[in-house]
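1. structure, please.
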Amino acid sequence: QVQLVESGGGLVQAGDSLKLSCAASGRTFNTYAMGWFRQAPGKEREFVCAIIKSGSSSYCSDSAKGRFTISRDNAKNMMYLQMDNLKPEDTAVYHCAADQVLHNIVVINPAYWGQGTQVTVSS
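-> Okay, here's the model as predicted:
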């Protein structure tokens, strides 16, 4: 069982940066691929970024590529999403996700996910 708690969301202006954090419980953090997905009001969930168990490789959606950076610290059971040059269309609730298979995060069918943190970007 993995429990995930997100933090770091807030209200920012277009062009600003935010860093989201995800704290994971348990001693087996490094056996899980991790990632982020988001959901805006009235829209489908959207994959953002994912990172493999070791942290040596990651994958982001086209909308996130070049602006968002995912990272993890296995010693601290933490994962991060650095978001730069934010746009109003990035406004959503961002959820942290964990699964032993990275593909399940990419297709937004993870075994575990958190309650989310709200990110609002004003124009």
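
2. quick one: pLDDT of the residue nearest to residue 25 when sequence neighbours are not counted?
-> The spatially closest residue to residue 25, leaving aside those adjacent along the chain, is residue 3, at 4.1 Å (CB to CB, 6 or more residues apart in numbering). Yep, even glycine has a C-beta here, placed from its N, CA and C like the rest. pLDDT, residue 3: 95.

3. what about residue 3, how many residues nearby?
-> Counted with other CB atoms under 10 Å, residues neighbouring residue 3 total 11.

4. how close does it get to residue 96?
-> 10 Å (CB to CB, to the nearest Å).

5. same question for residue 112.
-> Residue 112 is 9 Å from residue 96, where distance means CB to CB.

6. who touches both of these two?
-> Residues touching both residue 112 and residue 96 (CB atoms under 8 Å, 6 or more residues apart in numbering): residue 4.

7. tell me which of those two has more neighbours.
-> Neighbours were counted for residue 112 and for residue 96 using other CB under 10 Å; residue 96 has more, 28 against 17.

8. quick one, what contacts the more buried one?
-> Residue 96 sits next to 4-6, 20, 22, 24, 34-36, 79, 113-114, 116 when contact means CB under 8 Å, 6+ apart.

9. take these and keep only those in helices.
-> Of those, none are assigned to helices by DSSP state H.

10. who does the most centrally placed residue in the chain bridge with?
-> For the chain, the residue sitting closest to the mean C-alpha position, by CA atoms, centre = their mean, is residue 36 at 2.5 Å. In this entry, residue 36 is beta-bridged to residue 49, residue 96, by DSSP bridges.

11. surely it and residue 46 touch.
-> No: between residue 36 and residue 46 there is no contact under CB atoms under 8 Å: 9.8 Å.

12. the strands in this protein, which residues?
-> Taking DSSP state E to define them, one finds strands in the chain at 4-7, 10-13, 18-24, 33-39, 46-51, 58-60, 68-73, 78-83, 92-99, 112-113, 117-122.
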